[in-house]
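Asker: Sharing a sequence plus its predicted fold:
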Amino acid sequence: MSGGMALQVLGLFDNDIHPIGIDVGDHSVRLLQLRRKDRQLALQAAAHIDLNTTNDQQTQIERVTNAIKQSLQAGSGQEFRGKKVILSLPLSAVHSKSLRLPQMPDSDLSQVLPWEAKDRFGFDTDDGRLAWFRAGEVRRGTEVKDELLLFALRGESLTAHLDAISDLGFTAEAIDLAPCALHRAIQRIPSQTGSSGVTAILDVGCFGTQFIITTGGGNNDQLVFYKHIDMGTHAINETVSQKLGVTLAEAAQMRARLGSGVSNSAEAASLEETIRDAMRHTLDDLSRELDMCIRYFMVTFRGSRPDLVTLTGHEAKCAWFAESLATTLGIRVEAAQPLRGVLDLRDIIRPDRSGEWTLATGLSLYPLKATADGAGGGVAA
């Protein structure tokens with residue numbers, strides 16, 4: 001990672017194969033690789049493996065390594081090709097802060113920010129462990145400052161993941177930030193970026209949620225707001241578990257089964273309503289948090305209210321989740337479809353339920369080689 005992030009044009013590659021995107025989460029690992037086929041994107045391979053968190057003898061890195069090994073053996077019917085990978089680290093490993101500083105050139109900021117980051121994060125951010133974005137100008141009276149978004153990794157966490165990738169025989173071409181990869185994947189589908197020049201993305205993970213706002217549109221997009229929210233799928237399943245008096249695993253299975261619309265019986269409808277009631281308090285809390293984020297963005301940067309929130313991650317396949325947030329926020333909420341129009345998806349990924357693959361898709365689309373005639377755009381770390 002490096003400082004002074006700027007928007008880059010997403011270019012096509014000299015060869016047909018894109019790098020392997022590896023989305024390392026706290027609960028699972030997803031690998032996805034795209035290729036070019038007749039000037040269109042096609043799926044080369046994809047795999048998803050849940051991490052074995054029941055084995056207390058394994059470290060998290062060992063769980064990730066074993067999951068990637070399994071993923072390579074359980075692809076989509078075709079093999080992953082090449083050794084180049086783009087990696088994103090678990091949400092729990094990425095630290096983020098926003099701060100305001102007097103306006104200064106990038107060269108001066110590069111000198112100042114490591115000290116500011118150490119003070120706020122409590123650890124050194126040397127050797128490329130710090131990335132920063134200019135969110136925008138903030139005016140208070142006659143005083144003008146720049147609001148900056150900082151992202152940092154602990155050195156030991158970064159080294160451990162890179163060593164694991166190297167031991168598997170891969171070459172990590174880049175460590176990408178989740179907001180950048182998510183945005184890059186969403187930008188493939190213009191209808192999912194909103195019509196007001198403001199793109200809002202809500203990425204719900206297992207143990208945490210990210211809310212991202214960019215402005216500008218297309219290749220001029222700029223990351224202006226980022227918020228990590230300590231609520232994810234695990235917390236929702238816990239609420240359902242407590243409400244229904246079932247185990248956490250049973251609650252997760254019930255939500256997945258009903259969310260898939262497998263049964264339309266009266267009993268299923270009654271159970272669905274019970275689960276909705278159990279989720280309502282948690283989703284109301286999340287809606288209030290998102291509303292405050294949007295208000296902050298509008299007041300601070302004089303931005304337009306988003307007319308669409310694109311939902312990615314664990315809850316993208318749950319229609320109730322999107323419906324509840326849309327009702328409370330008064331904003332359209334739609335599940336991401338980052339693989340819409342991609343060829344050869346086969347059984348591993350349904351185009352209409354590809355929201356969970358948004359991050360891995362954006363990683364495989366990382367612009368290793370930008371060209372003047374590139375298609376699409378995105379924030380690249």
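Answerer: That came in fine, so what should we check first? Numbers count the residues shown, from 1 in each chain.
Asker: Could you use CA atoms for every contact and neighbour count after this?
Answerer: Noted.
Asker: So which residues of the stretch 101-250 of the chain form strands?
Answerer: 130-140, 143-153, 171-175, 198-204, 209-215, 222-229 (DSSP state E, counting those that start in this stretch).
Asker: so of those strands, which one's packed in deepest?
Answerer: strand 198-204 (a mean of 25; mean count of other Cα atoms under 10 Å).
Asker: and that strand, how far from the chain's centre?
Answerer: 9 Å (Cα atoms, centre = their mean, to the nearest Å).
Asker: and the angle for it with strand 222-229?
Answerer: 30 degrees (axes from the mean of the first three to the mean of the last three Cα atoms, to 10 degrees).
Asker: picking up where we left off before, to residue 335, which of the strands of the stretch 101-250 of the chain lies closest?
Answerer: Evaluated over the strands of the stretch 101-250 of the chain, closeness to residue 335 peaks at strand 198-204, with 9.5 Å, by Cα to Cα.
Asker: Can you give the contact residues for the closest one?
Answerer: Contact with strand 198-204 is made by 182-183, 193-194, 209-217, 232-233, 303-316, as judged by Cα atoms under 8 Å, 6 or more residues apart in numbering.
Asker: Likewise for stretch 40-60?
Answerer: 26-36, 63-64, 67-68, 70-72, 74-81, 341-345, 348.
Asker: chain center to it, what's the gap?
Answerer: How far stretch 40-60 lies from its chain's middle: 16 Å, per Cα atoms, centre = their mean.
Asker: What residues sit buried inside it?
Answerer: Across stretch 40-60, burial judged by 16 or more other Cα atoms under 10 Å covers 41-52, 60.
Asker: Equivalent analysis for stretch 85-98, please.
Answerer: 85, 86, 87, 88, 89, 90, 91, 94, 96, 97, 98.
Asker: returning to that earlier point: would you show me how to pick out the buried ones of the contacts of strand 198-204 in PyMOL?
Answerer: In PyMOL syntax, the buried subset of the contacts of strand 198-204 is picked out as below (16+ other Cα under 10 Å):
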select buried, resi 182+183+193+194+209+210+211+212+213+214+215+217+232+233+303+305+306+307+308+309+310+311+312+313+314+315+316
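Asker: ok, now which ones touch the closest residue to residue 174 other than its chain neighbours?
Answerer: Leaving aside its sequence neighbours, residue 174 sits nearest to residue 86 (Cα to Cα, 6 or more residues apart in numbering; 5.2 Å). Residue 86 makes contacts with 19, 20, 21, 22, 172, 173, 174, 175, 176, 363, 364, 366, as judged by Cα under 8 Å, 6+ apart.
Asker: Which one of these is nearest to residue 293?
Answerer: For those, the nearest to residue 293 is residue 176 (23.8 Å; Cα to Cα).
Asker: Per-residue pLDDT of the closest one, please?
Answerer: For residue 176, the pLDDT comes out at 95.
Asker: Next one: it from residue 331, what distance?
Answerer: Using Cα to Cα, to the nearest Å, residue 176 is found at 29 Å from residue 331.
Asker: Go ahead and list the helix or strand containing the closest residue in space to residue 324 that isn't next to it in sequence.
Answerer: Closest residue to residue 324 apart from its sequence neighbours, by Cα to Cα, 6+ apart: residue 283 at 7.2 Å. Element membership of residue 283, judged by DSSP states H and E, is helix 266-301.
Asker: Touching the helix or strand that that helix is followed by from outside, list them.
Answerer: Going down the chain from helix 266-301, the next helix or strand is strand 308-313, by DSSP H and E. With Cα under 8 Å, 6+ apart as the contact definition, strand 308-313 has outside contacts at 192-194, 199-205, 322, 331-336, 355-359.
Asker: How about stretch 88-103?
Answerer: 22-26, 120-121, 144-154, 157, 161, 175-178, 208, 228, 363.
Asker: that's a strand at residue 63, yeah?
Answerer: No: Residue 63: not assigned to a strand; according to DSSP: H, G, I helix; E, B strand; the rest coil it is helix.
Asker: show me what contacts it?
Answerer: 51, 52, 53.
Asker: between the residues you listed, which is closest to residue 131?
Answerer: residue 51 (27.8 Å).
Asker: Over to the closest one: give its phi and psi.
Answerer: phi -70, psi 140 (degrees, to the nearest 10).
Asker: That one: what's its closest spatial neighbour, skipping adjacent residues?
Answerer: Nearest non-adjacent residue to residue 51, counting by Cα to Cα, 6+ apart: residue 28, 4.8 Å away.
Asker: Got the domain ranges for the protein?
Answerer: The domain map for the chain lists 1-189+338-374, 193-335, with the assignment taken from automatic domain parsing.
Asker: secondary structure element for residue 23?
Answerer: strand 17-24.
Asker: what angle sits between the following helix or strand past that strand and strand 17-24?
Answerer: Downstream of strand 17-24, the next assigned helix or strand under DSSP H and E is strand 28-37. For strand 28-37 against strand 17-24, the angle by the same axes, to 10 degrees is 170 degrees.
Asker: Strand 28-37: how far from the chain's middle?
Answerer: Centre to centre, stretch against its chain (Cα atoms, centre = their mean), the figure for strand 28-37 is 15 Å.
Asker: Could you export that strand as PDB, CA atoms only?
Answerer: Only the C-alpha atoms of strand 28-37 are listed here, as PDB (Å, rounded to 0.1, in the frame of the first residue of the first chain):
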ATOM      1  CA  SER A  28     -14.000 -17.600   5.200                       C
ATOM      2  CA  VAL A  29     -11.800 -17.300   2.200                       C
ATOM      3  CA  ARG A  30     -12.900 -16.700  -1.400                       C
ATOM      4  CA  LEU A  31     -10.800 -17.000  -4.500                       C
ATOM      5  CA  LEU A  32     -11.900 -15.800  -7.900                       C
ATOM      6  CA  GLN A  33     -10.200 -15.400 -11.200                       C
ATOM      7  CA  LEU A  34     -11.500 -13.700 -14.300                       C
ATOM      8  CA  ARG A  35     -10.200 -14.000 -17.900                       C
ATOM      9  CA  ARG A  36     -11.000 -12.400 -21.200                       C
ATOM     10  CA  LYS A  37     -13.100 -14.300 -23.700                       C
END
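Asker: Lovely, talk soon.
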